[in-house]
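1. build me a model:
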Amino acid sequence: MRILLPKGEQQKFIEKIISKITIIKAAKICDLSERTIRDWRREKFLMDKSAMLKLCKKAEVSVPINFKEENDFWYVYKGSKNGKSLGTVACIKKYGFVGGDPKCRKEKWYKWWNKEGKYQKNGCIKDPFPIKIPHFSKSLAEFVGIMLGDGGITLNQISISTNSIADRKYGYFVKKLIKKLFQVNAKIYFIDSHTVMIISVSRKRLVEFCNKKLGLHIGNKLKQGLNIPSWIRNNPEFEKSCIRGLIDTDGSIFNEIHNVKGKKYSYKRLNFTSASPDLIKSVFNILEKNGLSPKLKNSRCVNIENREKIEKYFKIIGTSNPKHLKRYYN
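-> Numbering: from 1, shown residues only. A predicted model of the protein is given here:
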């Protein structure tokens, strides 16, 4: 079951949990990735009920009293309210969720696939669809930065998740970039209730290329050592493009406010945050190499705090995300 809380309450709940136990511990308790916990904190997705109860018990936090329970397939019913999926809803009411427990079904499928499915060569399992194989380039390095930031890779799919309101224009830029690089059409999905925009491509060949050629990990990025691949770090121009992709996804522009003797002072800051110490170090070194005077706030955060240096960042690194320029000049 999924938990539906009033807007803002799920974020407060997760922040209360991680104030007592770390995100890493929370992820281990729920047997989930750290990214999932962060997505819950950002209210990208509804939180799992069993996971919530485990976290409450471990962190000794009270269970929220103002939540509603939603079925794991809540989105089917949501669609039916708009006249969609009515046949699916009728089928569910009559027969239940066809196929039984989804988790059990997936476990059985993976067991079959690893034992015999992937070795079969017949009409049921077709050859993977082809993609264009691009050469190393600045555009490809920017794509890698995007994937290191907001991307994820499974056995058969790559996806990038972003904010459907603030980053909508950027999401369409990512779709065009994928088309330019690989000659495939990415699909875009919206989860309006959580302001999420997902750009995805289901191509096994693309997954293999990203993993074997580009150095991107399948599955949990952090557990496998998240960092900028060596082919990018060996080329200064590729480094800049990769940094652009990283900060366009996991970076932000904000105003830092200080009160001095009753007067408020506002300072522009450019921030990049990651749970990977190796990635933080690489980003810091590249920014420093380019004369941008970065500051390490902690093991998870790099800032550029000088306004002239932020201007220089936009000149030599640039951005493909209109949101950053809008926030900087407003």
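
2. which parts of the stretch 151-300 of the chain are helices?
-> Secondary structure of the stretch 151-300 of the chain (DSSP state H, counting those that start in this stretch): helices at 168-182, 204-208, 230-233, 236-250, 277-289.

3. show me what the third one is packed up against.
-> Contact partners of helix 230-233 among helices and strands, from 3 or more CB pairs under 8 Å, 6 or more residues apart in numbering; DSSP states H and E: helix 236-250. The way it works is simple: take the backbone N, C-alpha and C, and place the C-beta from them, glycine included.

4. how about the helix it packs on: buried residues?
-> For helix 236-250, burial by neighbour count (16 or more other CB atoms under 10 Å) applies to 238-250.

5. okay, now the domains of this protein?
-> Recorded structural domains for the chain (assignment: automatic domain parsing) are 2-70, 74-126, 138-226, 241-329.

6. start to end distance for the last one?
-> What that stands for is domain 241-329. 22 Å (CA to CA, to the nearest Å).

7. please work out the average pLDDT along it.
-> Mean pLDDT, computed over domain 241-329, is 92.

8. next one: it to chain centre, how far?
-> Between the centre of domain 241-329 and the centre of its host chain there is 19 Å, according to CA atoms, centre = their mean, to the nearest Å.

9. same check on stretch 200-211?
-> For stretch 200-211, the distance to the chain centre is 17 Å (CA atoms, centre = their mean).

10. quick one: contacts of it?
-> The list of residues contacting stretch 200-211 from outside it, by CB atoms under 8 Å, 6 or more residues apart in numbering, reads 128-131, 133, 147, 153-160, 178, 182, 184, 186-189, 216-218.

11. please apply the same query to stretch 272-289.
-> So stretch 272-289 is contacted by 23, 34, 148, 221-222, 225-228, 233, 236, 239-240, 243, 246-247, 250-252, 294, 296, 299-304, 313 (CB under 8 Å, 6+ apart).

12. comparing the domains of the chain by mean pLDDT, which bottoms out?
-> domain 74-126 (a mean of 56).

13. okay if I get the helices of the stretch 151-300 of the chain as a markdown table plus distance to residue 38?
-> What follows is these, written out as a markdown table (distance: least, CB to CB, whole Å):
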| stretch | distance to residue 38 |
| --- | --- |
| helix 168-182 | 19 |
| helix 204-208 | 23 |
| helix 230-233 | 24 |
| helix 236-250 | 10 |
| helix 277-289 | 15 |
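
14. tell me which of these lies nearest to residue 197.
-> helix 168-182 (4.6 Å; CB to CB).

15. quick one: that closest one to helix 236-250, angle?
-> Helix 168-182 and helix 236-250 are oriented at 140 degrees to each other (axes from the mean of the first three to the mean of the last three CA atoms, to 10 degrees).

16. got the CA coordinates for helix 168-182 in CSV?
-> These are the backbone C-alpha positions of helix 168-182, laid out as CSV (Å, rounded to 0.1, in the frame of the first residue of the first chain):
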residue,chain,number,x,y,z
ARG,A,168,9.8,21.2,-18.1
LYS,A,169,11.7,23.1,-20.9
TYR,A,170,14.9,21.4,-19.8
GLY,A,171,13.2,18.0,-20.0
TYR,A,172,12.4,18.6,-23.6
PHE,A,173,16.0,19.6,-24.2
VAL,A,174,17.1,16.3,-22.8
LYS,A,175,14.7,14.5,-25.1
LYS,A,176,16.2,16.3,-28.1
LEU,A,177,19.7,15.6,-26.9
ILE,A,178,19.0,11.8,-26.7
LYS,A,179,17.5,11.9,-30.3
LYS,A,180,20.6,13.8,-31.5
LEU,A,181,23.1,11.4,-29.9
PHE,A,182,21.4,8.0,-30.4
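
17. burial count for residue 189?
-> Residue neighbour count, defined by other CB atoms under 10 Å, stands at 12 for residue 189.

18. meant to ask about residue 213
-> For residue 213, using other CB under 10 Å, the count is 14.

19. any idea how far residue 182 is from it?
-> As judged by CB to CB, to the nearest Å, residue 213 and residue 182 stand 12 Å apart.

20. repeat for residue 236
-> Distance from residue 236 to residue 182, counting by CB to CB: 25 Å.

21. now residue 252: closest residue in space, sequence neighbours ignored.
-> residue 271 (5.0 Å; CB to CB, 6 or more residues apart in numbering).

22. pretty sure that neighbour contacts residue 256?
-> No: Residue 271 is beyond contact range of residue 256, at 9.5 Å (criterion: CB atoms under 8 Å).
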